[in-house]
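Enquirer: using only what follows, build the 3D model:
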Amino acid sequence: MTWNLLATVRKARLGLTLLAAISIHLPSAPPAQAGTTITQSTCPVVIALPGEYDLATDVGPCLDDGIDITASGVTLHLNGHTITYASRCDFPLAGIHVGLPTPTPMLSRVRVLGPGTIRNFQFGFLAENSAGSFVKFVTVDNTQCSGGDNEGFVIVPPGGQWKLQGNVFRTGAGGAGVDLRVDDSDLVRNDVNGSIFLNSSNTTVVNNTVNSLSTPGIELSLGSNNNEIHANTTNNGTEGIHIRVGSSANTITGNTSFNNVGFDMRDDNPNCDSNKWHGNHFGTANQPSCIH
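Expert: Model (predicted):
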């Protein structure tokens, strides 16, 4: 499959599955009360009021989203619990789903804190129409999933200023560990068995470890500008770090990438355009004159 066709298929798949994930829900229990301990194990658990929430039980097996957060100012502590889908990534649902489609108000100050595990959902953690929020120390375990249509942490517009830190993604097939489509965000010390895909500008990607199966380890798409890609380690993808045509003014420094099927480091822009590559450690590059 060519790169252009792969990108088209990927974008089409994401659009359809996100629409289904947003639109299809089974009847749910009443919303959890703010400031309480959540003991509900049936799905979905709905958090519709601001406040602190402590998960005190495993959730699932689910036939819907695991937990839906539809209010700003929510802090959710997973406390080591697991959220599990009833099958294996075969339906576009999310273990934790933050936000509602526009024109509802944009959410902010949503904080999800592990440790905790999300298992077998097509989207482990999905956020839309949200900003100024973070998810930390959460594991998405999709090792039992057989197809490539599974994603770890997906953040889609509108929104921005998300931080993903210390999260883990494991899959038994190809899939994106992080799929980030909003600007002004931070990806810090995540460990993904999959890819990091950016359609994002003014974002920092630092100290992540990526072991991709069948896609680039870190990929910047058209229009991803002014990003800092620093001190990441990528191995065993089709490319280690891949900057696509039309992605400019990015700084790629201090990264390590070896043993990839394609180039360890690749920039599709002529003479790397305004992208700055320096201080990286790699075996192969498609433009050694400007990739250093």
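Enquirer: contacting residues for G99?
Expert: Counting by C-beta atoms under 8 Å, 6 or more residues apart in numbering, G99 touches 69-70, 106-107, 127-130, 159. Yep, even glycine has a C-beta here, placed from its N, CA and C like the rest.
Enquirer: er, T82 I mean
Expert: Here T82 is in contact with 58-60, 116-119 (C-beta under 8 Å, 6+ apart).
Enquirer: so where's the stretch 1-150 of the chain shaky on pLDDT?
Expert: Scanning the stretch 1-150 of the chain for pLDDT under 70 picks out the ranges 1-29, 34, 147-148.
Enquirer: tell me which stretches of it form strands.
Expert: 37-38, 45-47, 51-55, 59-62, 67-69, 74-77, 82-85, 94-98, 107-108, 111-119, 123-142 (DSSP state E, counting those that start in this stretch).
Enquirer: sheet partners, orientation included, of the first one?
Expert: Which is strand 37-38. Counting by DSSP bridges, the strands paired with strand 37-38 are strand 51-55 (parallel).
Enquirer: how many residues are close by F282?
Expert: 20 (other C-beta atoms under 10 Å).
Enquirer: what's the nearest residue to it if we skip its chain neighbours?
Expert: In this structure, F282 finds its nearest non-sequential neighbour in D264, 3.8 Å apart by C-beta to C-beta, 6 or more residues apart in numbering.
Enquirer: and what of F123?
Expert: F123 sits nearest to A94 (C-beta to C-beta, 6+ apart), 4.1 Å away.
Enquirer: how close does the one you found sit to D68?
Expert: With the distance defined as C-beta to C-beta, to the nearest Å, A94 ends up 8 Å from D68.
Enquirer: so what sits against both of the two?
Expert: Counting by C-beta under 8 Å, 6+ apart, nothing touches both A94 and D68.
Enquirer: make JSON lines from the contacts of T82 and add neighbour count and distance to K136 to it.
Expert: Shown next, in JSON lines, are the contacts of T82 (neighbours: other C-beta atoms under 10 Å; distance: C-beta to C-beta, whole Å):
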{"residue": "D58", "neighbour count": "16", "distance to K136": "20"}
{"residue": "V59", "neighbour count": "25", "distance to K136": "19"}
{"residue": "G60", "neighbour count": "22", "distance to K136": "22"}
{"residue": "G116", "neighbour count": "22", "distance to K136": "10"}
{"residue": "T117", "neighbour count": "20", "distance to K136": "14"}
{"residue": "I118", "neighbour count": "29", "distance to K136": "14"}
{"residue": "R119", "neighbour count": "25", "distance to K136": "18"}
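Enquirer: farthest pair in these?
Expert: Greatest spatial distance among these (C-beta to C-beta): G60 and G116, at 12.5 Å.
Enquirer: now do the shared contacts for those two.
Expert: What both G60 and G116 touch, as defined by C-beta under 8 Å, 6+ apart, is the set 82-83.
Enquirer: what's near enough to touch I229?
Expert: 205-206, 218, 220, 241, 250-253, 255.
Enquirer: give the buried subset of those as a ChimeraX selection command.
Expert: Here is the ChimeraX command that selects the buried residues among the contacts of I229 (16 or more other C-beta atoms under 10 Å):
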select :205,206,218,220,241,250,252,253,255
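Enquirer: sitting in strands, which of the contacts of I229 do you find?
Expert: Among those, DSSP state E puts 205-206, 218, 220, 241, 251-253 in strands.
Enquirer: just those residues now: which is nearest V188?
Expert: V206 (5.6 Å).
Enquirer: so the closest one makes contact with T233?
Expert: No - look at V206 against T233 with C-beta atoms under 8 Å: they stay out of range, at 11.3 Å.
Enquirer: quick check: neighbours shared by the two?
Expert: By C-beta under 8 Å, 6+ apart, no residue touches both V206 and T233.
Enquirer: can I get the contacts of T82 in CSV including distance to V98?
Expert: What follows is those, written out as CSV (distance: C-beta to C-beta, whole Å):
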residue, distance to V98
D58, 20
V59, 15
G60, 18
G116, 15
T117, 18
I118, 13
R119, 18
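Enquirer: for M265, give me phi and psi.
Expert: phi -140, psi 130 (degrees, to the nearest 10).
Enquirer: oops, could you answer that again for D90 instead?
Expert: phi -100, psi 10.
Enquirer: how many other residues sit next to it?
Expert: 15.
Enquirer: tell me how far the nearest residue to S212 once chain neighbours are set aside lies from E151.
Expert: Spatial nearest neighbour of S212, chain neighbours left out: G237 (3.2 Å); criterion: C-beta to C-beta, 6+ apart. Here the criterion is C-beta to C-beta. By it, G237 lies 16 Å from E151.
Enquirer: who has more neighbours out of these two?
Expert: Counted by other C-beta under 10 Å, G237 and E151 do not tie: E151 has more neighbours, with 31 against 27.
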